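# this is a predicted model, with the sequence first.
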Amino acid sequence: MSTTTRRLKMHNDLLLSVIKRQATTVPKAILEAVMNAREAGADRFNIDYVDTGNGRLIFTDNGKGIPSKEEIELFFETFGQPHDASEGKIWAQFRMGRGQIFSYGRTVWRTSTFEMTVDIKNDGLDYGFREGLEEFEGTRIEVEFYNKH
């Protein structure tokens, strides 16, 4: 008889459910984006709305963004990654908030030399990743709403 250590896992459907359930309102998702920008050191944050039928929101800030592929894997791609006390976060706890924005529409995130496209309605937990782009200071998030807003 032998004993081994095994790890419990989460099914993808559970993560999708968590992402969708935390998104209670569009204003709450917008507040999450503002809080993330502030905690990233932004002192300038813009929200623009474009009437495209369903609507598009564009968030732009001058915070530190996500400077490396490793940080994208740790802090964007991985939900639930706890914050380190040295980060000095006020509101953030488990890096889940961006899911609120994912729930309302196809999002395109631009930061540093990277672009991430998330469309949970059509692609589930898979997302497009581009690297090697021209440097972008801060973060820009475009949300093309799934439904009219």
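Yes, it's here.
# which residues sit against stretch 130-144?
By CB atoms under 8 Å, 6 or more residues apart in numbering, the surrounding residues in contact with stretch 130-144 are 33, 37, 40, 42, 52, 54, 56-66, 69, 101, 104-116. Heads up, the C-betas are built off the backbone N, CA and C, glycines and all.
# could I have the CA atoms of that stretch written out in CSV?
Taking C-alpha atoms only, stretch 130-144 is exported to CSV below (Å, rounded to 0.1, in the frame of the first residue of the first chain):
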residue,chain,number,x,y,z
ARG,A,130,-0.4,39.2,-28.4
GLU,A,131,3.0,40.4,-27.4
GLY,A,132,5.8,42.4,-28.9
LEU,A,133,3.5,45.4,-29.6
GLU,A,134,4.5,49.0,-29.3
GLU,A,135,4.9,50.1,-25.7
PHE,A,136,1.7,51.3,-24.0
GLU,A,137,2.0,53.2,-20.8
GLY,A,138,-0.7,52.3,-18.3
THR,A,139,-3.7,50.2,-19.2
ARG,A,140,-6.5,50.5,-21.7
ILE,A,141,-9.6,48.3,-21.5
GLU,A,142,-12.2,48.3,-24.2
VAL,A,143,-15.5,46.5,-23.4
GLU,A,144,-17.8,45.8,-26.3
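# show me the contact partners of the helix or strand that Pro27 is a member of.
Under the criterion of DSSP states H and E, Pro27 resides in helix 26-39. Where contact means CB under 8 Å, 6+ apart, the residues beyond helix 26-39 that reach it are 23, 45, 47, 57, 59, 61, 63, 89-92, 97-98, 100-101, 103-104, 138-139, 141, 149.
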